[in-house]
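Undergrad: What follows is a predicted protein model with its sequence.
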Amino acid sequence: MKFIGIIPARYASTRFPGKPLADMAGKPMIQRVYEQVQDVLDAVCVATDDSRIEAAVRAFGGNVVMTSDQHKSGTDRCYEAYCKIGNGYDTVVNIQGDEPFIQPEQIEILKSCFIDDSIQIATLVKPFRPDDDFETTLFNANSPKVVLNKNNEAMYFSRSIIPYLRGKQYTEWLPNHTYYKHIGLYAYRAAILKEITQLPQSPLELAESLEQLRWLENGYKIKVGITRQETIGIDTPEDMEKALVFLRNQQSGK
């Protein structure tokens, strides 16, 4: 199989305008994402609707394609980019442009899901640790949770805590059950990507504001790979401050 990684990148962001171009120790964030994944995929391309991002990607020698500014999701942007430059690739990996610490090993886990020919879509989760702080991790609505079936397929994604652990105090939940944090990395067979971009928004998707629920509601199966490595998504300038501390510690070997 041949895998193409597409990194959707918008300049406009309510909480962090210009986020893909934010400086991270001398490199724009979009470059750090690109460099993290380029060696484990057959091709990588940034899909953007902004000429400033296009120019930045070309400046560091990356591949970039311009897409419509009317897309409602990164999945839609991925599909347009695939239609333009994806000929010959079997599977599309949708890489979040605000995950500069994504690990090559995580991409490999995602790719390995497609050894099974029946797999349509794949994503990643990370188990919460028993000693994680309940309020800032499990109770965080910006960190969706996932429940899995025995085949490691997603049964449901929610911003709420799932499952509810009856008969125990909240503080006892993490030590007594394995909860999974969703990592927003997806891969789709090309034909499936075309199908899911043509689906209308679904009631569960609208309720939770989670696009992947549209796919589950329409009967698609989502295979889940499990990683133990932490990632740091950057949604706000405050997140960037934490990420820069992490980067400095990483570079100094701490």
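TA: Ah, there it is.
Undergrad: Going by C-alpha atoms from here, please, whenever you check contacts or count neighbours.
TA: OK.
Undergrad: Could you list the low-confidence segments of the chain?
TA: Along the chain, the model assigns pLDDT under 70 to residues 254.
Undergrad: Which parts of it are helices?
TA: 29-37, 51-59, 74-85, 104-112, 173-176, 190-196, 203-208, 212-217, 237-251 (DSSP state H).
Undergrad: Tabulate those helices in TSV, adding columns for mean neighbour count.
TA: Shown next, in TSV, are the helices of the chain (neighbours: other Cα atoms under 10 Å):
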stretch	mean neighbour count
helix 29-37	21
helix 51-59	16
helix 74-85	20
helix 104-112	18
helix 173-176	16
helix 190-196	16
helix 203-208	14
helix 212-217	20
helix 237-251	14
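Undergrad: any chance of those in a markdown table, plus distance to residue 23?
TA: Converted to a markdown table, the helices of the chain look like this (distance: least, Cα to Cα, whole Å):
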| stretch | distance to residue 23 |
| --- | --- |
| helix 29-37 | 6 |
| helix 51-59 | 11 |
| helix 74-85 | 22 |
| helix 104-112 | 22 |
| helix 173-176 | 36 |
| helix 190-196 | 32 |
| helix 203-208 | 32 |
| helix 212-217 | 30 |
| helix 237-251 | 9 |
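Undergrad: Of those helices, give the one that comes closest to residue 13.
TA: Nearest of the helices of the chain to residue 13, taken as Cα to Cα: helix 237-251 at 11.4 Å.
Undergrad: List of residues touching the closest one?
TA: Identification of contacts with helix 237-251 by Cα atoms under 8 Å, 6 or more residues apart in numbering yields 15, 16, 24, 25, 232, 233, 234.
Undergrad: got a list of what the first one touches?
TA: So the one you mean is residue 15. 235, 236, 237.
Undergrad: Please determine how far it is located from residue 99.
TA: Using Cα to Cα, to the nearest Å, residue 15 is found at 16 Å from residue 99.
Undergrad: same thing with residue 105?
TA: For residue 105, the distance to residue 99 (Cα to Cα) stands at 14 Å.
Undergrad: What of residue 16?
TA: Applying Cα to Cα, the value for residue 16 to residue 99 is 14 Å.
Undergrad: more crowded one of those two?
TA: residue 99 (23 against 17; other Cα atoms under 10 Å).
Undergrad: Tell me how many other residues crowd the closest residue to residue 19 other than its chain neighbours.
TA: Spatially, and ignoring its direct neighbours in sequence, residue 19 is nearest to residue 11 (6.5 Å; Cα to Cα, 6 or more residues apart in numbering). Using other Cα under 10 Å, residue 11 has 17 neighbouring residues.
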